[in-house]
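Engineer: This is a predicted model, with the sequence first.
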Amino acid sequence: MTVQRQYTLPHCNLILEGLSTDANDPLSPLAVLMNAECHLPGATDATLTGGREFLDSLVAAVSRYGQQQLSGVPYPSTAGNPPSMVEVKPGEGPYHHLIVQQQPLGEPVSDINAQLPLDIKLSTVQFYDLMEAVDQLLADSQTLPDLNAQFQAVSRRLVQPTEPIAQRAAPAALGAAALVAAGLALFFVPLPEFEPTRPESESSPPAESSTNPLETNPGANGENNAPAALAAEGGDLDQLENAPAITDAATIALLQADLTTRLQTAWADAPRPSGDLVYRTVVSEDGDILGYKYENDLALAEVENTPFPELTFVPVASAAPVQERVAQFIATFTPTGEVVVEPTATASTSATAATSETLPALGDRVTDGDRIRALNSTLYDSILAELEPLSANEALRFRVRLTESGEVVGYEPVNAAARLMAAETPLPGLVTAANSTADQADFQVVFTERGVLEVSPWDGWPQ
């Protein structure tokens, strides 16, 4: 069965057409993508079209460039990689360039079939609408569940230091000068006279100690086993306990997604455990893993089979308490090969706002198109009347269910930021018909980072 999914914004309209996995259910995900179209009103009169390769390249280019714009850290290009079908590059002033290759990749270029790349100049508003359309596609699990944005933390070596090199080098230069001065002063101090005496241990037997030597002395072979235990726990987390906590829910959500991707990628070829491996891990604001600690015995025994020893960042002054802001997560490596990362109770002061609302399978549906449009307008007005400025710096997406009479049955967060900040939205206070058995309809509600409220039918506008 051929189905069509649309993601419409003022300056961008993304349309996907393909075959659904279940011919009897138009809401089932797409099994085959036949065509993808991207309309950019005001930027170009042409319609960008292509297949799955075009869509994957568009999602990757927009996501990576958007991450670069939001973080302010340029993502390094890797030499030797084949050219991408779609690229986004910065332009002059507030403009951006969307470059689409019209020449089929992999085919030889000649004077007959040579085509110049299509260069589309986008304003910041136009690019953000394009990025919003891509984000809505990635958040929609009923279209292409296997499509996702591959975010990757940029190495801190690429971040411009906040202090000039002269200021950072001053303590080291001062310490070296003090060491030289102390050496010169000690050079003129005479050596003390020493008269050897007979140790008391030779004249009297040693006293018995009540202390167990295994608790205070090195191991049976004279080797200290403490470093091995410390390494197994990924460093001393005591120095991280008093570090300031990250309280911004959107930042925690981004760090959670980045940590999940990094651990899942690095653990792809590792042997699977016999049970869950649970670790508490601390992550800095720029995504570095500063420490980790096992939460169950199996996690301690199999820590070397996890990516933590390789990915953990060890600071130069490891004995000094950490002063940068951090977030704590619980990472679980399951026997099925999945890595689940969840914020701890202390990861954010906003974490208490997380909602446990979930929606069951939709039963009897409202099918009348006029009624769905009326319910969409009613839901928009109800939310807008109670809406106050939110503290999130990324979009919050929810699935909201209404009865045929307009009462709110419940809601379900779609992305991580929405789960953390649901309590800041008017949705919890609008639920009045949680146990209703009347015909119902689902709607998508988006609180954008720019403070705009968007409400639309979950299955698209009726014809």
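Structural biologist: Looks like it arrived, so ask away. Remember, predicted model here, so these are calculated numbers, not experimental data. Residues are numbered from 1 along each chain as shown.

Engineer: now residue 96, which residues is it bridged with?
Structural biologist: Judged by DSSP bridges, the bridge partners of residue 96 are residue 90, residue 122.

Engineer: Tell me, how many residues neighbour it?
Structural biologist: 20 (other C-beta atoms under 10 Å). Every C-beta, even on glycine, is put in place using the N, C-alpha and C of the backbone.

Engineer: who touches it in this structure?
Structural biologist: Neighbour list for residue 96: 65, 88-90, 121-124, 127 [criterion: C-beta atoms under 8 Å, 6 or more residues apart in numbering].

Engineer: So it versus residue 124, what's the distance?
Structural biologist: 7 Å (C-beta to C-beta, to the nearest Å).

Engineer: got it, and residue 183?
Structural biologist: 59 Å.

Engineer: Residue 47 now?
Structural biologist: Using C-beta to C-beta, residue 47 is found at 22 Å from residue 124.

Engineer: Could you do residue 170 as well?
Structural biologist: Noted for residue 170: a distance of 40 Å to residue 124, by C-beta to C-beta.

Engineer: With residue 417 instead?
Structural biologist: For residue 417, the distance to residue 124 - C-beta to C-beta - is 22 Å.

Engineer: More neighbours: which of the two?
Structural biologist: Taking neighbours as other C-beta under 10 Å, residue 417 and residue 124 compare with residue 417 leading, 28 against 12.

Engineer: Let's see the pLDDT reported for that one.
Structural biologist: Note on residue 417: pLDDT of 78.

Engineer: wait, what's in contact with it?
Structural biologist: By C-beta under 8 Å, 6+ apart, the residues touching residue 417 are 249-250, 253, 392, 394-396.

Engineer: If you rank these by neighbours, which is first?
Structural biologist: Counting neighbours by other C-beta under 10 Å, the top entry in those is residue 249, with 30 neighbours.

Engineer: Verify the stated contact: it with residue 393.
Structural biologist: No. Applying C-beta atoms under 8 Å as the test, residue 249 and residue 393 come out as separate, 9.1 Å apart.

Engineer: Restricted to strands, list the contacts of residue 417.
Structural biologist: residue 396 (DSSP state E).

Engineer: and the helix or strand hosting residue 128, which residues are buried?
Structural biologist: If you go by DSSP states H and E, residue 128 is part of helix 124-139. Under the neighbour-count criterion of 16 or more other C-beta atoms under 10 Å, helix 124-139 has 126-139 buried.

Engineer: quick one: contacts of it?
Structural biologist: Here helix 124-139 makes contact (C-beta under 8 Å, 6+ apart) with 5, 7-14, 16, 38, 40, 42-43, 58-59, 62-63, 66, 88, 94-96, 98, 122, 143-144, 147-149, 395, 397, 414-415, 444, 446, 448, 450.

Engineer: again, 6 Å this time
Structural biologist: With contacts defined as C-beta atoms under 6 Å, 6 or more residues apart in numbering, helix 124-139 is touched by 7, 9, 11-12, 14, 43, 59, 62, 66, 94, 96, 149, 397, 414-415.

Engineer: Quick check: the two most widely separated of these?
Structural biologist: Distance extremes for these: the farthest pair is 94 and 414 at 30.1 Å, using C-beta to C-beta.

Engineer: per-residue pLDDT, residue 409?
Structural biologist: Residue 409 is given a pLDDT of 93.

Engineer: Tell me how many other residues crowd it.
Structural biologist: By other C-beta under 10 Å, 22 other residues sit near residue 409.

Engineer: With just CA atoms, put stretch 280-295 into CSV.
Structural biologist: Extracted in CSV, the C-alpha atoms of stretch 280-295 (Å, rounded to 0.1, in the frame of the first residue of the first chain):
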residue,chain,number,x,y,z
ARG,A,280,27.1,4.9,37.2
THR,A,281,29.0,7.3,35.0
VAL,A,282,29.8,11.1,35.2
VAL,A,283,30.0,13.2,32.0
SER,A,284,31.3,16.7,31.5
GLU,A,285,29.4,19.4,29.7
ASP,A,286,31.3,18.9,26.5
GLY,A,287,30.6,15.1,26.5
ASP,A,288,33.8,13.7,28.0
ILE,A,289,33.4,10.7,30.3
LEU,A,290,35.1,11.7,33.6
GLY,A,291,34.6,8.6,35.6
TYR,A,292,32.5,5.5,36.1
LYS,A,293,31.7,2.9,38.8
TYR,A,294,30.1,-0.5,38.7
GLU,A,295,26.6,-0.9,40.3
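
Engineer: What residues of it count as buried?
Structural biologist: By neighbour count, with 16+ other C-beta under 10 Å as the criterion, the buried positions of stretch 280-295 are 280-284, 286-295.

Engineer: Need the worst-confidence member of those residues.
Structural biologist: residue 286 (82).

Engineer: Quick check: that one is in a strand.
Structural biologist: No. Using DSSP: H, G, I helix; E, B strand; the rest coil, the assignment for residue 286 is coil, not a strand.

Engineer: mind listing the helices for the chain?
Structural biologist: 52-71, 124-139, 165-187, 213-216, 226-232, 238-241, 249-266, 297-301, 308-311, 369-386, 416-421, 427-430 (DSSP state H).

Engineer: want to throw these into JSON lines with distance to residue 325?
Structural biologist: Below are the helices of the chain laid out as JSON lines (distance: least, C-beta to C-beta, whole Å):
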{"stretch": "helix 52-71", "distance to residue 325": "15"}
{"stretch": "helix 124-139", "distance to residue 325": "26"}
{"stretch": "helix 165-187", "distance to residue 325": "20"}
{"stretch": "helix 213-216", "distance to residue 325": "38"}
{"stretch": "helix 226-232", "distance to residue 325": "24"}
{"stretch": "helix 238-241", "distance to residue 325": "11"}
{"stretch": "helix 249-266", "distance to residue 325": "9"}
{"stretch": "helix 297-301", "distance to residue 325": "26"}
{"stretch": "helix 308-311", "distance to residue 325": "19"}
{"stretch": "helix 369-386", "distance to residue 325": "32"}
{"stretch": "helix 416-421", "distance to residue 325": "16"}
{"stretch": "helix 427-430", "distance to residue 325": "28"}
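
Engineer: Find the one among those with the highest mean neighbour count.
Structural biologist: Scoring those by mean neighbour count under mean count of other C-beta atoms under 10 Å gives helix 416-421 as the most buried, with a mean of 26.
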